[in-house]
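Undergrad: model this:
(3 chains)
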Amino acid sequence: MKRGLPIALALAAIGLTLYPVQATGYGIRVMLQLFMWIALAQSWNLISGLTGYVSFGHVAFFGTGAYASSLLIVKAGWPWPLACLGGGVVAAGVALVIGWPCLRLKGPYFAIAMLGLNEVLRVIASYYEGLTGGGNGLSLPTLYASVQIYYAMGLVAAAVTLVAYVILTSRFGLRLMTIREDEVAAESMGIDTLRYKLYAFLLSAIGPGIVGGLSARDQGYIEPISVFPLIMTITMIVMVLFGGKGTIWGPVLGATVLFAFQEAVWARFIYLHQLLFGAIIVAVVLLMPRGILGVLQQKYNLPRTI
Amino acid sequence: MGVLITPTMIGQVVISGLLAGSLYALVALGLGLIFGVMRVLNVAHGPLMMLGAYTTFWLFHWWGFNPYLSLLITMPLLFLVGVVLQHFLVRRVVDAPELSSLLLTFGVSIALVNLAQLAFTSDLRSVEFLTGSFIAGPYALSKPRLAACAFAVAITIGAFVFLRSTRLGKAVRAVSQSREVAQVCGIDVQRIHLLAFGIGSALAAAGGTLVAVMVAIQPEMGQVYTFKSFLVIVLGGAGNYPGALLGGLLLGLVEQLASLFLTTQVNEAVAYVLLVLVLLIRPTGLLKGRV
Amino acid sequence: MPPVLEVREAVKRFGGVAAVNRVSLSLEPGRVYGLIGPNGSGKTTLFNCITGVDRVDEGEVWFKGRRIDRLKPHRIFHLGMGRTFQVIRVFPELTALENLLVVTTSGYEEARRRARDLLGLVKLERLADEFAGNLSYGQQKLVELARVLMTDPDLILLDEPAAGVNRTLLNELLDAVRRLRDQGKTVLLVEHDMKVVMGLCETVFVLDHGEKLAEGAPGVIQADERVIEAYFGR
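TA: You can find the predicted model right below:
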């Protein structure tokens, strides 16, 4: 088993790298989106899965990254790879500003604060029309770069997963987990819980920020509604819950399975799709709160790095 | 800004604020009951309100049912819905980490909203029943807002009479303060949980019914009320029921005051900024609550 | 020698009730102190106020010559104070070893060595890689104790260390406390088991309804009428 995993990963990496050579435009787009969801889910996992602080407004970072990087491209003429990284940095900055006051709050209060964050950012994006084009949206210069964006997304997804692995096998990760297990005890044992939560929160915002920028670049056009959709937060949460929060491959598994599901159902039956996602959340919370990998982990005594 | 603020405008704003605030207080009281008794943040509170609004709409649409009379139907109906939700779903996560109940009610809220989308479509509906305003001196009082306020006040008073004077109401307050002690005193905590969720849902439904006459009805209409109810609870202090009233009125006032200076779009952010400020400065609420 | 801990007229209220009402105590270094009192007398609340988990409404807490009552718990911990809890609070999804590792900021290798040593001290080396949640009650208590010792604190607060623990384990715990005292550390323990208190503590504080009722050597306290009344009836 131990030997098999790196080999499997290497094969997958090779396969995915070569994929665009003989795939259709549509196929590339699909995989590109899958990478995006993996990056989003894994990022959400970093804060909510590890520390137990549920972030309900995480898509705010996606939208922030989308706008920041698009503005860098349109107004400052930056090349898109750099602009997307810039989107990640701006998203982290927003996370710092929001997190510093809000992470002091106990779990439910933090959740409430995050719920509203999304709406506020959408309102801000709509309001500053001069800058963001307001409700009319923002158009990016035409560019056919699906293949490059495919690789960029893939890199981000891999990077975030790698970060998750590094964290989970470090003392930093252990400390994050103590916050989830018993925050009062953690604080009493010398762990500066606010600082650790903040680190996790910042790290969890970078991925969505970059990916938001990439997605905007790929679409060529953004508007407030399209980059701050509640359904995105919902989807991130379902993916991680389903696959297994607090694990490394759980978000990847959840993202893959539910993305496939989404491709099949969403396009035609959007409300049914969302309804099912709601039902899945309820079912997972009641029946399988640790998610698929979490359950397997417990049952077969698998290592934490699963 | 260059806008002259006259005393009349202030007066108008205060009145509008109180009218709107009474509705916030009503809905928030429902949320506060659920949170106070079970420590569950009912993210599905807004959707429950939405269901109340739709019920009123369909009753009006098909049978010309007086919307205000429909309170007699929407409140018991949503009470039952709340009891069912609590019994089959929420009950299992009351003792789990708060994360679980949060996610559960979140899932329920998504399910309810999309069920509504499927059943009712996202077409905007309205109940054209009461329109226009009373003119009292220099002030214009919107009729539906006045009626909503009147009913909201009546229902809220009823709720407080229940909490203060009836045995069940006292049991509810006891469980809010300490579940263990209440149990030791022979109170059937499970039954109180069912009751609290039912009443909370009924209050949300009442809010929905009253609002149905004033705004466009669509499946997502409740979401903003969920957030504002949370805000009111935070303002008034968790578990502090009279605090919810004051918090609601305060929110109404602040919003109306802000509308004098800000555009409608930015106004939506007012509630959020207020929330963050209160959470930072006085997380136990303006009156004493339990964090 | 200056006292290692000083509590000056501490008051802590919940709602309208004063759980701790103008309590003052002073701890000399290198001694074992006991804190006793009937249930609900405010002992754990006092602990929480000393360690920063709760903030005193009035009064001050001084530790090693520094005022600490406005500091966060993690800062107080790093100044050299450790505590255990009345209800065991190990981190269940971390292994016994990891429970100890998270506590220190020293280098990984050094921390591992020290953690293993401490687990050896409480005879739990073979369970080092077991999830703390899977350990027995007594074993978890020992892990909690080992965890407290990881950073070599000068003052150790033990909240009901003897509760639910069998005779053999109890003796080991008591030995551990005596060793700590011999090393010059100060221990303050909350206990209901009078034999433990009498056998171990040099000075005993008695709390009742949030107020300090009496203070003195165990023998004196045992005979004090007010103390007897507080425990056995009014």
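Undergrad: all strands of chain C, in order?
TA: C:5-14, C:17-27, C:32-36, C:58-63, C:66-67, C:81-83, C:155-159, C:186-190, C:203-208, C:211-216 (DSSP state E).
Undergrad: now the fourth one and strand C:5-14, what's the angle there?
TA: Direction vectors for strand C:58-63 and strand C:5-14, defined by axes from the mean of the first three to the mean of the last three C-alpha atoms, to 10 degrees, enclose an angle of 140 degrees.
Undergrad: just to check, B:His45 is in contact with B:Leu29?
TA: No: at 10.9 Å, B:His45 does not count as touching B:Leu29 under the criterion of C-beta atoms under 8 Å. (Glycine included, C-beta is placed from N, CA and C.)
Undergrad: so for those two, which residue has more residues nearby?
TA: Just comparing B:His45 and B:Leu29: by other C-beta atoms under 10 Å in any protein chain shown the higher neighbour count belongs to B:Leu29, 34 against 30.
Undergrad: list the contacts of the more buried one.
TA: Shown in contact with B:Leu29 (C-beta atoms under 8 Å, 6 or more residues apart in numbering or on different chains): B:Thr156, B:Ala159, B:Leu203, B:Tyr241, B:Ala244, B:Leu245, B:Gly248.
Undergrad: next step: these restricted to helices.
TA: If you go by DSSP state H, the contacts of B:Leu29 have B:Thr156, B:Ala159, B:Leu203, B:Tyr241, B:Ala244, B:Leu245, B:Gly248 in helices.
Undergrad: for the first one, which non-adjacent residue is closest in space?
TA: Beyond its immediate neighbours in the sequence, the residue positioned closest to B:Thr156 (C-beta to C-beta, 6 or more residues apart in numbering or on different chains) is B:Leu26, lying 5.5 Å away.
Undergrad: for that neighbour, pull up the helix or strand it's in.
TA: helix B:7-38 (DSSP states H and E).
Undergrad: distance from the chain centre to that helix, please.
TA: Taking C-alpha atoms, centre = their mean, to the nearest Å, one finds helix B:7-38 lying 9 Å from the centre of the chain it belongs to.
Undergrad: likewise for stretch C:73-93?
TA: Taking C-alpha atoms, centre = their mean, one finds the center of stretch C:73-93 at 9 Å from the center of the full chain.
Undergrad: close to chain B, is it?
TA: No: Stretch C:73-93 is not in contact with chain B by C-beta under 8 Å from any C-beta of the partner chain; minimum separation 12.4 Å.
Undergrad: quick check: mean pLDDT of that stretch?
TA: The pLDDT scores in stretch C:73-93 average 92.
Undergrad: reformat the strands of chain C as CSV; add mean neighbour count.
TA: Below are these laid out as CSV (neighbours: other C-beta atoms under 10 Å in any protein chain shown):
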stretch, mean neighbour count
strand C:5-14, 18
strand C:17-27, 19
strand C:32-36, 24
strand C:58-63, 18
strand C:66-67, 11
strand C:81-83, 26
strand C:155-159, 24
strand C:186-190, 24
strand C:203-208, 23
strand C:211-216, 17
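Undergrad: and of the ones you listed, who's closest to A:Arg304?
TA: The stretch from those with the least distance to A:Arg304 (C-beta to C-beta) is strand C:81-83; that distance is 26.7 Å.
Undergrad: and that closest one, which strands flank it?
TA: Note on strand C:81-83: by DSSP bridges, its sheet partners are strand C:155-159 (parallel).
Undergrad: can you give me the helices in the stretch 151-291 of chain B?
TA: Along the stretch 151-291 of chain B, the segments classed as helices by DSSP state H, counting those that start in this stretch run B:167-177, B:179-184, B:189-212, B:223-236, B:241-261, B:264-281.
Undergrad: how far away is A:Gln262 from chain B?
TA: Distance, A:Gln262 to chain B, using C-beta to the nearest C-beta, to the nearest Å: 14 Å.
Undergrad: how about the contacts made by that residue?
TA: Contacts for A:Gln262 (C-beta under 8 Å, 6+ apart) come out as A:Thr235, A:His273.
Undergrad: secondary structure class for the spatially most central residue of chain A?
TA: When C-alpha atoms, centre = their mean is applied to chain A, the residue found nearest the centroid is A:Leu40 (1.7 Å). The three-state label given to A:Leu40 by DSSP: H, G, I helix; E, B strand; the rest coil is helix.
Undergrad: once you drop chain neighbours, what's closest to it?
TA: In this structure, A:Leu40 finds its nearest non-sequential neighbour in A:Met236, 5.0 Å apart by C-beta to C-beta, 6+ apart.
Undergrad: for the one you found, give its distance to B:Ser22.
TA: Distance, A:Met236 to B:Ser22, using C-beta to C-beta, to the nearest Å: 37 Å.
Undergrad: look at the two and report which has more neighbours.
TA: Neighbours per residue (other C-beta under 10 Å) separate A:Met236 from B:Ser22, with A:Met236 holding more: 27 against 23.
Undergrad: how near is that one to chain B?
TA: In this view, A:Met236 and chain B are 12 Å apart by C-beta to the nearest C-beta.
Undergrad: wait, isn't that residue in contact with A:Gln42?
TA: No: in this structure, A:Met236 is not within contact of A:Gln42 by C-beta under 8 Å, at 9.5 Å.
Undergrad: look up how far B:Ser259 lies from B:Thr8.
TA: Here the distance between B:Thr8 and B:Ser259 works out to 15 Å (C-beta to C-beta).
Undergrad: comparing the two, which residue is more hemmed in?
TA: Taking other C-beta under 10 Å, B:Thr8 and B:Ser259 do not tie; B:Ser259 has more neighbours (16 against 11).
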